[in-house]
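> Build the 3D model from these lines:
(chains A and B)
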Amino acid sequence: MADALELELKHLIIDTLELEDVTPEDIDREEPLFVEGLGLDSIDALELGLALQKTYGIKLEADSEESRRHFANLKSLAALVEERRVD
Amino acid sequence: MNDASLILEDWRAWHPGRKPAHDPRLSVEERPAAARVAPMLRRRLNNLGRAVCDMLMALDPGAECVLVHASRHGDSERTLEMLYALNEDVPLSPARFGMAVHNAMIGVHSIASGNRRSLQAIAASGAEVSALFSEALGYLMEGEKQVVVVFSDAPIPPRFADHAPGPATTTAVAMRLAMRAAIAGEQSVTALGADESACHEYRPPQPDDVIAWLLGETPLVCPIRRRVWTMAS
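Have a look, this model is predicted:
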């Protein structure tokens, strides 16, 4: 179940952020999503926040410590969705 | 207005599918490679943005030149369509919003190339060519050795087309200009006043008009400023 959600999130990230040449296999569940690892930037963070809101009804504070924790890697993102999704 | 001559050192143009396409400075490919822009930056560029980055990289490989970008309507597809999203209370895409601003393309180019010189983005209601030459002249008279100017435009979305004149094609052109004595084989560009009667048959120049002029096919006239540019070697 967790694997299915993580795969779903990988596709969400790739599609939403228009990541050229990135496949789901390229996204490691424990690697950082931002700056290092996948190398996403601050605009991606806003875009991803919007996608989480649209897809799962999850609203996050734009620049809180809590949001930073949730966006650390795919694993933490999946945990957030698992806990807070409203669909 | 100063009519000092500018030296046209080099140019690049992008006009997908244009014929004839034998000049190596003219790219006619549908999807420019933007190979020197990192994939994480490149993903935010549309074809026009990719072409502009390719041309700027070619004309300013050392990322040392002042850059001036003109576009009459900018990325109207993104900008105007966002208004509909706002009206429908749909949250705006931050990435699309970021790329809708007028200086987005040269902004991405500056990050990709490391160019930290003055970067300027202008719109001039149909007098973009005149504005580009004037801005370049200003920088050169202030002591810049070279200035790269780029002019790009794309058709405005169909539902706005009746309300604003715009280009029919998506094209871009860039020139590296200098102000010094010409060396053999170089072209110098001079602006001259044009009679009002002579201006009537010309539309406000668009990037493809500049390309046609660079290829020696047509004169370059700005009816709004009543100016014509001549090229001589």
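> quick one, what contacts the residue nearest in space to the middle of chain B?
Geometric centre of chain B, nearest residue: B:Phe151, 0.9 Å, by Cα atoms, centre = their mean. When contacts are counted by Cβ atoms under 8 Å, 6 or more residues apart in numbering or on different chains, B:Phe151 touches B:69-71, B:128-129, B:132, B:172-174, B:207, B:210. No exception for glycine: its C-beta is placed from N, CA and C like everyone else's.
> and the least confident helix or strand in chain A by mean pLDDT, is it in reach of chain B?
Lowest on mean pLDDT, DSSP states H and E among the helices and strands of chain A sits helix A:65-70, with a mean of 87. No. Using Cβ under 8 Å from any Cβ of the partner chain, helix A:65-70 stays clear of chain B, with a minimum separation of 14.2 Å.
> What helices and strands are in contact with whichever helix or strand comes after that helix?
Using DSSP states H and E, the helix or strand that follows helix A:65-70 in sequence is helix A:74-84. The helices and strands touching helix A:74-84, judged by 3 or more Cβ pairs under 8 Å, 6 or more residues apart in numbering or on different chains; DSSP states H and E, are helix A:2-16, helix A:42-56, helix A:65-70.
> Buried residues in stretch B:149-157, which are they?
By neighbour count on 16 or more other Cβ atoms under 10 Å in any protein chain shown, the buried set for stretch B:149-157 is B:149-154, B:156-157.
> now do stretch A:7-15
Buried-residue list, stretch A:7-15, by 16+ other Cβ under 10 Å: A:9-10, A:12-14.
> Turn these into TSV, columns for distance to A:Glu25 and pLDDT.
Below are the buried residues of stretch A:7-15 laid out as TSV (distance: Cβ to Cβ, whole Å; pLDDT from 0 to 100):
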residue	distance to A:Glu25	pLDDT
A:Leu9	14	97
A:Lys10	9	96
A:Leu12	16	97
A:Ile13	13	96
A:Ile14	11	96
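> Just the closest of the residues you listed to B:Ala191, please.
Checking the buried residues of stretch A:7-15 against B:Ala191 with Cβ to Cβ, the nearest one is A:Ile14 at 49.6 Å.
> What's the local residue count around the residue lying closest to that closest one once chain neighbours are set aside?
Leaving aside its chain neighbours, A:Ile14 sits nearest to A:Val22 (5.6 Å; criterion: Cβ to Cβ, 6 or more residues apart in numbering or on different chains). Counted with other Cβ atoms under 10 Å in any protein chain shown, residues neighbouring A:Val22 total 18.
> Which of the three states applies to A:Val22?
coil (DSSP: H, G, I helix; E, B strand; the rest coil).
> Okay, the closest residue to A:Thr23 other than its chain neighbours and B:Glu135: tell me how far apart.
For A:Thr23, ignoring the flanking residues on the chain, the nearest one in space by Cβ to Cβ, 6+ apart is A:Ile14 at 7.7 Å. Distance, A:Ile14 to B:Glu135, by Cβ to Cβ, to the nearest Å: 40 Å.
> wait, does the one helix or strand B:Met57 maps to make contact with chain A?
Using DSSP H and E, B:Met57 sits in helix B:47-59. No. Shown here: helix B:47-59 not in contact with chain A (Cβ under 8 Å from any Cβ), separated by at least 11.3 Å.
> Residues contacting the very next helix or strand once past that helix, please?
Next along the chain after helix B:47-59, taking DSSP H and E as the criterion, comes strand B:66-70. Outside of strand B:66-70, the residues within contact range by Cβ under 8 Å, 6+ apart are B:52, B:56, B:60, B:103, B:105-106, B:109-110, B:115, B:117-124, B:128-129, B:131-132, B:135-136, B:139, B:144, B:147-152.
> Tell me which of those residues fall in strands.
Judged by DSSP state E, strands contain the following of the contacts of strand B:66-70: B:119-122, B:147-152.
> need those residues in JSON lines with distance to B:Gly193 and pLDDT, can you?
Supplementary listing: these in JSON lines, determined by distance: Cβ to Cβ, whole Å; pLDDT from 0 to 100:
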{"residue": "B:Leu119", "distance to B:Gly193": "31", "pLDDT": "97"}
{"residue": "B:Gln120", "distance to B:Gly193": "26", "pLDDT": "97"}
{"residue": "B:Ala121", "distance to B:Gly193": "28", "pLDDT": "97"}
{"residue": "B:Ile122", "distance to B:Gly193": "22", "pLDDT": "97"}
{"residue": "B:Val147", "distance to B:Gly193": "23", "pLDDT": "98"}
{"residue": "B:Val148", "distance to B:Gly193": "26", "pLDDT": "98"}
{"residue": "B:Val149", "distance to B:Gly193": "21", "pLDDT": "98"}
{"residue": "B:Val150", "distance to B:Gly193": "26", "pLDDT": "98"}
{"residue": "B:Phe151", "distance to B:Gly193": "22", "pLDDT": "98"}
{"residue": "B:Ser152", "distance to B:Gly193": "27", "pLDDT": "97"}
